[in-house]
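**Student:** My questions are about this predicted structure, shown below with the sequence.
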Amino acid sequence: MTEAELAAMLAHDEGHWWYRGRRRVLAAVLDGLDLPARPAILDAGCGSGRTLDDLAARGSVAGVDCSAMAVEAARRRGHANVHIASVEELPFGDRAFDLVTCLDVIEHTPDDRATLAELLRVTAPGGVLVATVPAYQSLFSAHDVINGHYRRYRAATLRSAAAEAGWSAVADTHFNAVLLAPAAIVRMARRHRSSSRSELTFTPHLLDRALELPMAREAKLIARGHRLPFGLSLLMVLRRPGVSLHAVPAAPASARAASAA
C-alpha cells in the first residue's frame with residue numbers, strides 16, 4: 001500500500017461511509033456469534049484502532065498492524081496492547097484468542113494460506129475468525145494496485161484457502177451490493193490507468209450519511225440471518241475445529257485430587 005493511501009485510510013476511517021458501513025456489518029455478524037462472555041479478541045491489521053474501540057465493548061482486545069503510523073494512531077486512542085507486526089508472524093502465543101477479526105487484510109499478503117494458518121495458530125479451539133476481503137478477481141484494477149492487493153476473492157476461493165489452513169467455514173455473505181455495478185464500471189474503466197488518488201476521496205464528506213444507508217440496511221438483513229449473494233466485499237466466518245476451553249467445565253476439586261492420586 002502506498003503511503004498516500006495509508007494516510008487517506010487513517011484520515012477517513014472515523015467518518016467515511018465505507019468504514020462506517022463495514023463496522024455496522026461486522027457488528028451484525030458478531031452479535032450472532034456464540035462467544036464467551038468476555039472473549040479475548042485480536043484485530044489483525046487494526047489500522048488506526050477505530051474497530052478496536054467497538055471490539056473493546058465485547059471483551060479484552062489486542063491489535064497488530066505492519067504500519068508504525070497506524071499502531072501509533074491506535075495507541076493514541078487508548079489501546080495499549082497494539083504492536084507493529086505482520087499478520088504472517090503474530091507476536092502472540094498459540095491459542096491466545098477466542099475471536100480474531102481480519103478486515104480487508106488477507107488480500108495484502110502474498111501467501112493467503114500461510115496467513116490463514118498463522119491466524120489459526122493464535123485462535124483457541126472452537127474460536128472464530130471473521131474476515132472480510134474484496135470480491136471478484138474480475139474487478140482487479142488500479143484501485144487494487146494502489147492498495148497493495150495481491151488478489152480479490154470469490155467465496156469458493158476464500159473457503160478453499162481457509163480449509164487448507166485448517167479452518168471450518170461457518171457462514172459467508174457479500175455486502176456493499178448497491179454500489180457493485182457503478183463501482184465495477186469505474187474500476188474497469190480505470191483498470192490500466194495509473195493514479196495516486198485514493199478512492200476514499202471520490203465522494204464528498206457531505207454524502208457520507210446517505211451512502212452509508214444501503215450498508216446499514218444490509219447489516220439489518222445480515223443480522224436477521226440473510227446471506228447477500230453479491231456485493232463489492234465478502235465476509236466469511238470461520239471456526240477453528242475443537243472444543244472451546246470455555247465450554248468445558250472445570251473438574252471438581254475432589255475429581256482432580258482423585259486423578260492426581
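**Tutor:** Yes, it's here.
**Student:** A73 is in contact with C46, isn't it?
**Tutor:** No. With contacts counted by CB atoms under 8 Å, A73 stays clear of C46, the gap being 9.4 Å. Quick note: C-beta positions are derived from backbone N, CA and C, even for glycine.
**Student:** what about the two, which has more around it?
**Tutor:** More crowded of A73 and C46, by other CB atoms under 10 Å: C46, with 29 against 21.
**Student:** which residues of the stretch 1-150 of the chain fall in strands?
**Tutor:** Ranges of strands within the stretch 1-150 of the chain are 40-44, 60-65, 82-84, 97-103, 123-134, based on DSSP state E, counting those that start in this stretch.
**Student:** Return the distance of stretch 18-38 from the chain's centre.
**Tutor:** Taking CA atoms, centre = their mean, to the nearest Å, one finds the center of stretch 18-38 at 10 Å from the center of the full chain.
**Student:** Flag every buried residue along it.
**Tutor:** By 16 or more other CB atoms under 10 Å, the buried positions in stretch 18-38 come out as 18-30, 33, 35-36.
**Student:** L234: which of these is nearest?
**Tutor:** Taking CB to CB as the measure, L234 lies nearest V25 of these, at 11.0 Å.
**Student:** For the closest one, give its distance to A40.
**Tutor:** V25 sits 23 Å away from A40, going by CB to CB, to the nearest Å.
**Student:** residue boundaries of the helices in the stretch 101-250 of the chain?
**Tutor:** Assigned by DSSP state H, counting those that start in this stretch, the helices in the stretch 101-250 of the chain fall at 112-121, 142-147, 155-165, 180-189, 208-223.
**Student:** And those: which comes nearest D53?
**Tutor:** Nearest to D53 among the helices of the stretch 101-250 of the chain is helix 208-223 (17.4 Å), distances taken as CB to CB.
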